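> structure for the following, please:
(one chain, ligands or ions: 1)
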Amino acid sequence: MTTNSQSKMAARYGEPDASALLAWNDIIDQLLDHRSVRAFTAEPLPEGAVQTLIAAAQSASTSSNLQVWSVVAVQDADRKARLSSLAGNQAYIRQAPLFFVWLADLSRVTRVAEQQQAELEALPYLESLLLGTIDVSLAAQNAVVALESLGLGSVYIGAIRNDIEGVAKELGLPPHVYPVFGLCVGHPSRELPAKVKPRLPQSAVLHYETYSVDQEPEAIAEYDQRLGAFYQREGMKASGWSEQVVNRLSSVANLHGRERLVEQMLRMGFGLR
Ligand SMILES: Cc1cc2nc3c(=O)[nH]c(=O)nc-3n(C[C@H](O)[C@H](O)[C@H](O)COP(=O)(O)O)c2cc1C
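Take a look at the predicted model:
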């Protein structure tokens, strides 16, 4: 058990001498083994998988039990292809047998209020949008943990926000609903296995009592080196994390259309007060 914990920690932090964890079990073992899967076999999903994953998703906590999220399960090849075109042409959206589009959904509560002829004064605030976004993220991550426990793999697709109005049209979304991210789901390819990608040292993300950046420079320097070594082992360009961060965030062009989110959301009925 301890050996397993040590090897999983070594992979998670890209640090061969990482310490074993004292608190450990099979669930934590699986969580530390997560990797995004971007190559899938043609094998269909196990029977009932969708319902199981959604039961897991709905078991997540939800703010005030409002359950302001929904999900569209897309299996139709043509629709997956159109969604792929809307989301940076990522090939795995086409390849995966199942593509979930996770939605922050304030429309259901709007319909409930209409039934009662009530006005939802608190709805057009940024807080409501955050609420739906947070709830659907917790739900989706539960589904990811569940699918990995079934031997399936997945990758989130944030690029679904490149054109939220295009996606809304494709999926027939009513006002007050926006796609937060997609999720490709399928059996991981054995020929192109995904690897565990190292994360920042805990000293960069974990603060005790108050926030401190004292250990940050050292932690980031270590991580630059470890992530670079990981990419080199994988035969990819050996850039460090700092370089990636700046590349990703230094230009609005890298938002690929997401710089228009506020105006699109306003048109889709969200208030952002
Ligand atoms: C909300 C979200 C959106 C993401 N969008 C994409 C995406 O559009 N395309 C992609 O290939 N990976 C996407 N990813 C996967 C991340 O790149 C991946 O989680 C990260 O590099 C860490 O790798 P790992 O999941 O294998 O540990 C996304 C992840 C999250 C959480």
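
> how about the residue of the stretch 151-273 of the chain found nearest the ligand: what's its closest non-neighbour residue?
Using Cβ to the nearest ligand atom, the closest approach of the stretch 151-273 of the chain to the ligand is made by Gly158 at 3.0 Å. (C-beta placed from N, C-alpha, C; glycine too.) Using Cβ to Cβ, 6 or more residues apart in numbering and skipping the chain neighbours, the partner closest in space to Gly158 is Phe181 (5.1 Å).

> adjacent strands (with direction) for the strand or helix carrying the one you found?
Assigned by DSSP states H and E, Phe181 belongs to strand 177-186. Strand 177-186 has the following strand partners under DSSP bridges: strand 98-105 (antiparallel), strand 153-157 (antiparallel).

> chain center to that strand: distance?
8 Å (Cα atoms, centre = their mean, to the nearest Å).

> what about it, near the ligand?
Yes - residues of strand 177-186 are located near the ligand by Cβ under 6 Å from any ligand atom, namely Phe181.

> buried stuff in the helix or strand just after that strand?
Next in sequence after strand 177-186, counting helices and strands by DSSP H and E, comes helix 202-205. Buried residues in helix 202-205, counted by 16 or more other Cβ atoms under 10 Å: 203-204.

> same question for stretch 242-261.
257-258, 261.

> could I get those as JSON lines with secondary structure and pLDDT?
Converted to JSON lines, the buried residues of stretch 242-261 look like this (DSSP: H, G, I helix; E, B strand; the rest coil; pLDDT from 0 to 100):
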{"residue": "Gly257", "secondary structure": "coil", "pLDDT": "96"}
{"residue": "Arg258", "secondary structure": "helix", "pLDDT": "97"}
{"residue": "Leu261", "secondary structure": "helix", "pLDDT": "97"}
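
> any idea how far Val71 is from the ligand?
Remark: distance between Val71 and the ligand (Cβ to the nearest ligand atom, to the nearest Å) = 14 Å.

> and that residue, backbone torsions?
When read as degrees, to the nearest 10, the backbone of Val71 gives phi -150, psi 140.

> can you give me the neighbour number for it?
23 (other Cβ atoms under 10 Å).

> who's in contact with it?
54, 57, 100-103, 136, 139-140 (Cβ atoms under 8 Å, 6 or more residues apart in numbering).

> Ala56 too?
Remark: with contacts taken as Cβ under 8 Å, 6+ apart, Ala56 is in contact with 142-143, 145-146.

> just among those, which is most surrounded?
Result: Ala143 is most packed of these (other Cβ under 10 Å), 25 neighbours.

> that residue reaches Ala55, doesn't it?
No - between Ala143 and Ala55 there is no contact, the gap being 9.3 Å when judged by Cβ atoms under 8 Å.

> need the residues of the stretch 1-150 of the chain near the ligand, please.
Counting by Cβ under 6 Å from any ligand atom, the stretch 1-150 of the chain sits next to the ligand at 34-36, 38, 90.

> element containing Val72, please.
Assigned by DSSP H and E, Val72 falls in strand 69-74.

> so what's the gap between that strand and the chain middle?
14 Å.

> quick one: strands adjacent to that strand?
Here, using DSSP bridges, strand 69-74 pairs with strand 98-105 (antiparallel).

> pLDDT on the strand it pairs with, on average?
The average pLDDT for strand 98-105 rounds to 98.

> buried ones in the next helix or strand after that strand?
Following strand 98-105 in sequence order, the next helix or strand is helix 107-115 (DSSP H and E). Using 16+ other Cβ under 10 Å as the test for burial, helix 107-115 gives 107-110.

> kindly export helix 107-115 (C-alpha atoms) in CSV.
Taking Å, rounded to 0.1, in the frame of the first residue of the first chain, the C-alpha atoms of helix 107-115 are listed here in CSV:
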residue,chain,number,x,y,z
SER,A,107,-33.8,28.1,-17.2
ARG,A,108,-35.5,25.4,-15.2
VAL,A,109,-35.8,27.6,-12.1
THR,A,110,-37.1,30.4,-14.4
ARG,A,111,-39.9,28.0,-15.6
VAL,A,112,-40.6,27.0,-12.0
ALA,A,113,-41.0,30.7,-11.0
GLU,A,114,-43.3,31.3,-14.1
GLN,A,115,-45.6,28.5,-12.9
